[in-house]
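S.K.: following is a predicted model, sequence given first.
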Amino acid sequence: MLTVETPYKKVSEELEKIFSLKIPVDSLERMNRDMSVSVIGVNLRET
């Protein structure tokens, strides 16, 4: 939910605080884009 409601830079900072993970903004954007394709596929199969 962090990436949906919060800017990617802030998400990166929060993940680093919580999990000690340093994830670059471009990686967060790519993960979000990749997951959205999966969701579209699931939605299409359910209709």
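M.R.: Sure thing, it's come through. Residues are numbered from 1 along each chain as shown.

S.K.: run the chain-centre distance for stretch 10-28.
M.R.: Offset of stretch 10-28 from its chain centre (CA atoms, centre = their mean, to the nearest Å): 10 Å.

S.K.: going by neighbour count, list what's buried in it.
M.R.: 11-12, 15, 28 (16 or more other CB atoms under 10 Å). C-betas here are computed from N, CA, C, even on glycine.

S.K.: now the two most distant members of those.
M.R.: Farthest-apart pair in these is L15 and L28; separation 8.3 Å (CB to CB).

S.K.: secondary structure element for I18?
M.R.: Using DSSP states H and E, I18 falls within helix 8-19.

S.K.: oh, I was asking about D34
M.R.: Using DSSP H and E, D34 falls within helix 25-46.

S.K.: average pLDDT for that helix?
M.R.: Across helix 25-46, pLDDT averages out at 79.

S.K.: report the buried residues of stretch 28-44.
M.R.: Buried residues in stretch 28-44, counted by 16+ other CB under 10 Å: L28.

S.K.: how about it as PDB, C-alpha atoms only?
M.R.: Provided in PDB are the C-alpha atoms of stretch 28-44 (Å, rounded to 0.1, in the frame of the first residue of the first chain):
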ATOM      1  CA  LEU A  28      10.100   0.400  -6.900                       C
ATOM      2  CA  GLU A  29       8.500   1.900 -10.000                       C
ATOM      3  CA  ARG A  30       9.400  -1.200 -12.000                       C
ATOM      4  CA  MET A  31       8.000  -3.600  -9.300                       C
ATOM      5  CA  ASN A  32       4.800  -1.600  -9.300                       C
ATOM      6  CA  ARG A  33       4.500  -1.700 -13.100                       C
ATOM      7  CA  ASP A  34       5.200  -5.400 -13.200                       C
ATOM      8  CA  MET A  35       2.600  -6.200 -10.500                       C
ATOM      9  CA  SER A  36       0.000  -4.000 -12.200                       C
ATOM     10  CA  VAL A  37       0.300  -6.200 -15.300                       C
ATOM     11  CA  SER A  38      -0.400  -9.300 -13.200                       C
ATOM     12  CA  VAL A  39      -3.400  -7.700 -11.700                       C
ATOM     13  CA  ILE A  40      -4.800  -6.800 -15.100                       C
ATOM     14  CA  GLY A  41      -4.400 -10.400 -16.100                       C
ATOM     15  CA  VAL A  42      -6.300 -11.700 -13.100                       C
ATOM     16  CA  ASN A  43      -9.100  -9.100 -13.600                       C
ATOM     17  CA  LEU A  44      -9.500 -10.200 -17.200                       C
END
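
S.K.: that'll do, ta.
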